[in-house]
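Asks: Curious how this folds, go ahead:
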Amino acid sequence: MNNEENIGEEEKKNKRKKIQDKFPWDKFEFFVDQFKKPCAALKVDNHLEVYRTSSDTLKAIIASELARMKTSATAENISIIKGLMEAKAYDYYRSRGEVSLNLRTRIIGNNKIAIDLGDNKWNIAVISKQGYEIKPMQEPYFIRYNTTARFSVDETGTQQDFDAYLSLINLQEYSDIIKAWTLSALIPGYPHFILMLLGTKGSGKSTATTLLKQLIDPSPIGAIGRPHNQDSLFLALAHSYVVAFDNVDSIGESFASDLARAVTGEGNQRRKLYTDEDDMLFRFKRIIILNGINQPTRRADLLNRTLIFELENIPPDKRKPESDINEQVARLAPKVRGFIIKTIPKVIQQYIIVKKELTLLPRMADSTIWLEAAGRALGYEKGHIYNRLMSFLESEDKSVLESSELGQLVIEAIESY
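Replies: Numbering: from 1, shown residues only. All right, here's what the predicted structure looks like:
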């Protein structure tokens, strides 16, 4: 290497060092999340904003900081800062371990529930059995994607608003169970029943799916079609707390197994690229809603985690224009979320009581307890939701058995005995 090349390399090193030294590192915290992904938390005023170092948003933030330094935001300069951020994140991991990030809701502190409100101030609702408060996020609790929309809250909301919102859905005789399910949906940390809405064209199943999804976990995309491969399924599960699938005609064994694992929080693993040895780890508890014309699967491991509702066609005189429904949703949804946040403390209080009282529980035991607690918080009599749910699950189990020849023989043997 000649002298000119030496001088050129030295100038590049000095330039990189100057950029590194001037960059405002004190604005950031760095760590690795539960999926071993490096992350940065940006301190803005009185709150934190959390981003993966691979995100385009963080690249834009780096470019903005470079511009403030009067330094060109070239791809090379951004890459220098990004690489150092990742190094700092792994340094943190080696000394302190990983930091768990969640979508939309999680348990924090002393059994408190935090809900990400999705606004630009990164506000969260913190709920305990004593009540709730809304405040800026100051610890790295949540991460957001483009699928995360604002969870707008109107604290004046009442149970009448809740009932009015759900009246837009063709619930029929299932309204009590779905109301309890909806109220408990933002309580994290346990497997929630999958909702399967079945019905022919005109039963309002797609509308019901979208309205439930957008109430609990608002998103720009709402319900999605059936994933065509495991990669697209994992992407949907990784980026949304509530994942809603529209018009699912069939669920194969692999899809059914992955959905069942996503509900219970069991992990999945796959190769990142076929040309390397890195693995991608997937582990999450998600709420699943899906609809279709016919029951798309007979797999017991999935059906044991599922509430199946068969919707009848909506009579012509009961139909509403989509524009009217959207107008009412926009008006009611913030009020209903406000009501839910105010009511969750009552659900927590009832949960403590119900857990001691219920001794006979189905496979989804935690979900059953929370549904009964939610029902009591909504004013239903003691045992109403539990008895309805147990009766409902028994009829579901029988229908699954009846769908196979072996199951029919089992039923006949039991009835004969």
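Asks: What is the biggest helix by length in the chain packed up against?
Replies: Secondary structure of the chain per DSSP state H: the longest helix is helix 322-357. Helices and strands touching helix 322-357, as assessed by 3 or more Cβ pairs under 8 Å, 6 or more residues apart in numbering; DSSP states H and E, comprise strand 112-116, strand 123-128, strand 131-136, helix 159-166, helix 175-184, helix 205-216, helix 365-377. All C-beta atoms are positioned from the backbone trio N, CA, C, and that covers glycine.
Asks: JSON lines for these, including mean pLDDT, distance to Phe234 and mean neighbour count?
Replies: Below are the helices and strands packed on helix 322-357 laid out as JSON lines (pLDDT from 0 to 100; distance: least, Cβ to Cβ, whole Å; neighbours: other Cβ atoms under 10 Å):
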{"stretch": "strand 112-116", "mean pLDDT": "97", "distance to Phe234": "21", "mean neighbour count": "23"}
{"stretch": "strand 123-128", "mean pLDDT": "98", "distance to Phe234": "26", "mean neighbour count": "21"}
{"stretch": "strand 131-136", "mean pLDDT": "97", "distance to Phe234": "31", "mean neighbour count": "14"}
{"stretch": "helix 159-166", "mean pLDDT": "97", "distance to Phe234": "31", "mean neighbour count": "18"}
{"stretch": "helix 175-184", "mean pLDDT": "96", "distance to Phe234": "25", "mean neighbour count": "22"}
{"stretch": "helix 205-216", "mean pLDDT": "95", "distance to Phe234": "18", "mean neighbour count": "22"}
{"stretch": "helix 365-377", "mean pLDDT": "97", "distance to Phe234": "23", "mean neighbour count": "23"}
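Asks: ok now the longest helix of the chain, how far from the chain's centre?
Replies: Computed by Cα atoms, centre = their mean, to the nearest Å, the chain-centroid distance of helix 322-357 equals 16 Å.
Asks: Just want the most central residue of the protein.
Replies: Central residue of the chain (Cα atoms, centre = their mean): Tyr241, 0.6 Å from the mean position.
Asks: which one of the helices and strands packed on helix 322-357 lies closest to Lys342?
Replies: strand 131-136 (6.8 Å; Cβ to Cβ).
Asks: and that closest one, which strands flank it?
Replies: strand 123-128 (antiparallel) (DSSP bridges).
Asks: Need the contact partners of the partner strand.
Replies: Under the criterion Cβ atoms under 8 Å, 6 or more residues apart in numbering, residues 47, 108, 110-117, 132-137, 141-142, 153, 341, 344-345, 348 lie in contact with strand 123-128.
Asks: let's see 10 Å
Replies: Strand 123-128 has contacts (Cβ atoms under 10 Å, 6 or more residues apart in numbering) with 47, 105-106, 108-118, 132-139, 141-142, 150-151, 153, 155, 186-187, 337-338, 340-345, 347-348.
Asks: follow-up on the earlier one: can you list the helices and strands packed on helix 322-357 in a markdown table and add distance to Ser55?
Replies: Below are the helices and strands packed on helix 322-357 laid out as a markdown table (distance: least, Cβ to Cβ, whole Å):
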| stretch | distance to Ser55 |
| --- | --- |
| strand 112-116 | 16 |
| strand 123-128 | 20 |
| strand 131-136 | 21 |
| helix 159-166 | 33 |
| helix 175-184 | 31 |
| helix 205-216 | 24 |
| helix 365-377 | 33 |
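Asks: what's the closest of these to Ala67?
Replies: When the helices and strands packed on helix 322-357 are compared (using Cβ to Cβ), the closest one is strand 131-136, at 25.8 Å.
Asks: Just the C-alpha atoms of that closest one, please, in CSV.
Replies: Taking C-alpha atoms only, strand 131-136 is exported to CSV below (Å, rounded to 0.1, in the frame of the first residue of the first chain):
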residue,chain,number,x,y,z
GLY,A,131,-58.1,1.5,39.1
TYR,A,132,-56.1,2.9,36.1
GLU,A,133,-54.0,5.8,34.9
ILE,A,134,-52.8,7.0,31.5
LYS,A,135,-49.2,8.1,31.3
PRO,A,136,-46.2,8.2,28.9
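Asks: Centre of the chain to that strand, how far?
Replies: 20 Å.
Asks: And stretch 200-213, by the same measure?
Replies: The answer for stretch 200-213 is 19 Å, by Cα atoms, centre = their mean.
Asks: I'd guessed the residue nearest to the centre of the chain sits against Ile187; true?
Replies: No. Using Cβ atoms under 10 Å, Tyr241 is not in contact with Ile187; the gap is 11.9 Å.
Asks: Identify the contacts common to those two.
Replies: With Cβ under 10 Å, 6+ apart as the test, Tyr241 and Ile187 both reach Thr105, Ile115.
Asks: hmm, back to that, mind giving me the PyMOL command for buried ones among the contacts of strand 123-128?
Replies: The PyMOL selection below is limited to those of the contacts of strand 123-128 classed as buried (16 or more other Cβ atoms under 10 Å):
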select buried, resi 47+105+106+112+113+114+115+116+117+118+132+137+141+142+151+153+186+187+337+338+340+341+342+343+344+345+347+348
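Asks: Okay, now stretch 309-324: how far is its last residue from its first?
Replies: One end of stretch 309-324 sits 25 Å from the other (Cα to Cα, to the nearest Å).
Asks: Now find how far off-centre that stretch is within its chain.
Replies: That offset, for stretch 309-324, works out to 28 Å (Cα atoms, centre = their mean).
Asks: same deal with stretch 77-88?
Replies: On the basis of Cα atoms, centre = their mean, stretch 77-88 sits 30 Å off its chain's mean C-alpha point.
Asks: Quick one: mean pLDDT for that stretch?
Replies: Across stretch 77-88, the average pLDDT comes to 94.
Asks: And it, what's buried?
Replies: Asn77, Ile78, Ile80, Ile81, Lys82, Leu84, Met85, Glu86, Lys88.
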